[in-house]
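> generate a structure from the sequence data that follows.
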Amino acid sequence: MAEGADALMADADRFYLTTAIFYPSPAPPLHSLFEVIGADAVARYHRLLGQDTRFTTGMDEHSAQVELLAASHGSEPRALVDEWAEVWRGAFDRFDISYDRFIRTTDADHVRASIEMVTRAQAAGDIYKGTYAGWYCPGDNEFKTDAQLVDGHCPDHPTLDLQWLEEENYFFALSRYQGALEELYATNPSFCEPEHFRNEVLGWLKEGLRDFSVSRAGSSWGIPFPGDPEHRIYVWFDALTNYLTGAGFPDDPAMFARYWPADLHVIGKNITRFHCLYWPAMLMSAGLPLPRQVFAHGFMLLRGEKMSKTRGNVLDADSAVDLFGVDGVRYLVLREIPFDRDGDVTLEGLIRRFNADLANDLGNLVNRTVSMANRYLSGDLPALARADAQPDADVELRSAATAAVTAYQPAMERKHLDEALAALMGLVRAANGYAESQAPWTLSKAGEPDRLGTVLAVMAEACRILGHLMAPFTPVAARALHAQLGVPAPYDEQGSGGPGLDQLLAWGALPNGWRSGDAQPIFPRVEFPSEDAS
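Below is the predicted model of the structure:
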């Protein structure tokens, strides 16, 4: 367990996070993008902190289902996944997912990494040959116990027929790691977060661990099993190994030393068993440090049901972008759905949230701040007054900004992304309240230029801070906000290269004032479709 303990000592200057890799399909629906949008917000936040951040995602291409799908399409498996991978990568790019590597399990370096992991487990005496008989769900590539079935079906894929399989496979001796995993959770319970999903993992651990299959026979699709080319490496020693591949294993020892262990695996709650029990045992067997944390997110529900292609109740990602824009969708899914648990959405609810938060509150604040700065001051915003010379209203808004930042940062660290956005919106509401109470339009009519300049400078300063808080979630809109204010963000489009959030979020970080740009709507209001939107 020494390596596991070492893995708890984070490197302050770097951060490595991953998503789970996705099963192949023609295109990603919105609920699949939810995971990668949330992970992207976390990655951007850590870049803004000034950390060397590496972020990987990708596609799990070797499932048995791919062969069947390829045959039904009159195609070869590789040609099919090549086509679909490009569509998924394009969708991630459209949603401004700032990944450093889109891993495909067909990549040559990943093949080498998977073979190396099996070889290490073999050397450790943790691989043996045996016969397995059981119900297999093609939807998630998992053998199911009777206790896992609901009315004879996989609960996550109730429309798919299970397959009864009896075959000779290679197995990984997970049961040998019962004590080591118990020690892991006793000494580092936060290895799996949040707590309510960790409790499920601990329940499985208490029941006792079962060895699991790591090979499949009778197929030419997949990575050949070391020492037995009649078998292919099955799922977990293939799919989970991608996290090592993304850090340079085994080809680039210097890169691997830099980025491993991973700081964070972001996964769906339905695969905690594999990431929180199988994966650490596999790494222990290979003699590698454990990741520092696995964070399981909940599901995006539609009227109380999990969204699923097999159920047919999915939201189309392209249609959502047509309605809300990319940044609008990014904001909505992370504001409406707590990242640590399930959340229910409707189109009507999304439209109401968009208009209330983004078009009305935030958009109106930025628009009137910039418009009045241009109208009343020709865009020349003065420096903020000294702290000891500020009126009570100015002090209150500064305190509101401090409170928002104070709530935002720990929420981001806990991956409670909806809470971070709620803190951001708290500052928006405070700034709008300040504008109403100080009424710069009245100050202009009354001929009070000094107070007018101060009020607009205070409003602009609140907007400047809001732009940095927005940047992980709505990166394009945040850059547009800063451009309109006349204070372009001092970091690149992915959030790298800046001076660090502590400096950026400090009130009065630009002490000499600045000149605003032109006002343009950042989030135009969305109208309800003429059809029933519920």
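> every contact and neighbour count from this point should use C-alpha atoms.
Will do.
> where's Ala389 relative to Thr454, distance?
Going from Ala389 to Thr454 by C-alpha to C-alpha, to the nearest Å gives 11 Å.
> between those two, point out the one with more neighbours.
Neighbour count, other C-alpha atoms under 10 Å: between Ala389 and Thr454, Thr454 has more, with 19 against 10.
> wasn't that one part of a helix?
Yes - under DSSP: H, G, I helix; E, B strand; the rest coil, Thr454 sits within a helix.
> let me see the ranges of the strands in the stretch 251-400 of the chain.
Assigned by DSSP state E, counting those that start in this stretch, the strands in the stretch 251-400 of the chain fall at 264-268, 294-297, 300-302, 305-306, 343-345, 380-381.
> which of the ones you listed has the lowest mean pLDDT?
Out of the strands of the stretch 251-400 of the chain, strand 305-306 stands lowest, with a mean of 68 (criterion: mean pLDDT).
> buried residues in stretch 350-370?
Of the residues in stretch 350-370, 350-355, 357-359, 361-370 count as buried by neighbour count, 16 or more other C-alpha atoms under 10 Å.
> end-to-end on it?
Note: stretch 350-370 ends 27 Å apart using C-alpha to C-alpha.
> hmm, back to that, just the ones of the buried residues of stretch 350-370 in helices?
Members of those lying in helices (criterion: DSSP state H): 350-353, 363-370.
> of those, closest to Phe299?
Leu350 (16.1 Å; C-alpha to C-alpha).
> isn't the closest one right next to Tyr331, touching?
No - look at Leu350 against Tyr331 with C-alpha atoms under 8 Å: they stay out of range, at 10.0 Å.
> next, work out how far apart the spatially most central residue of the chain and Asp344 are.
Nearest to the mean C-alpha position of the chain, counting by C-alpha atoms, centre = their mean, stands Ala39 at 1.6 Å. Ala39 is 20 Å from Asp344, where distance means C-alpha to C-alpha.
> now Glu207
Counting by C-alpha to C-alpha - Glu207 and Asp344 are separated by 32 Å.
> mind checking which of the two has more residues around it?
When Glu207 and Asp344 are compared for neighbours, Asp344 comes out ahead with 17 against 8, by other C-alpha under 10 Å.
> partner residues bridging that one?
For Asp344, the beta-bridge partners are Leu301 (DSSP bridges).
> distance of it from Glu527?
Counting by C-alpha to C-alpha, the gap from Asp344 to Glu527 is 21 Å.
> can you check Gln520 too?
19 Å.
> just Ser215 next, same as before
Relative to Glu527, and taking C-alpha to C-alpha, Ser215 is found at 53 Å.
> look at the two and report which has more neighbours.
More crowded of Ser215 and Glu527, by other C-alpha under 10 Å: Ser215, with 25 against 10.
> my guess is that one contacts Tyr170. True?
Yes - contact criterion C-alpha under 8 Å: Ser215 and Tyr170 qualify, at 5.3 Å.
> list the buried residues for stretch 211-222?
Those would be 211-217, 221-222, for stretch 211-222 by 16+ other C-alpha under 10 Å.
> over to stretch 273-286?
For stretch 273-286, by 16+ other C-alpha under 10 Å, it's 273, 275-286.
> now do it, average pLDDT.
Mean predicted lDDT for stretch 273-286 stands at 98.
> tally of neighbours for Ala478?
Counted with other C-alpha under 10 Å, residues neighbouring Ala478 total 24.
> if I look at it, how far off is Ala471?
Distance, Ala478 to Ala471, by C-alpha to C-alpha: 5 Å.
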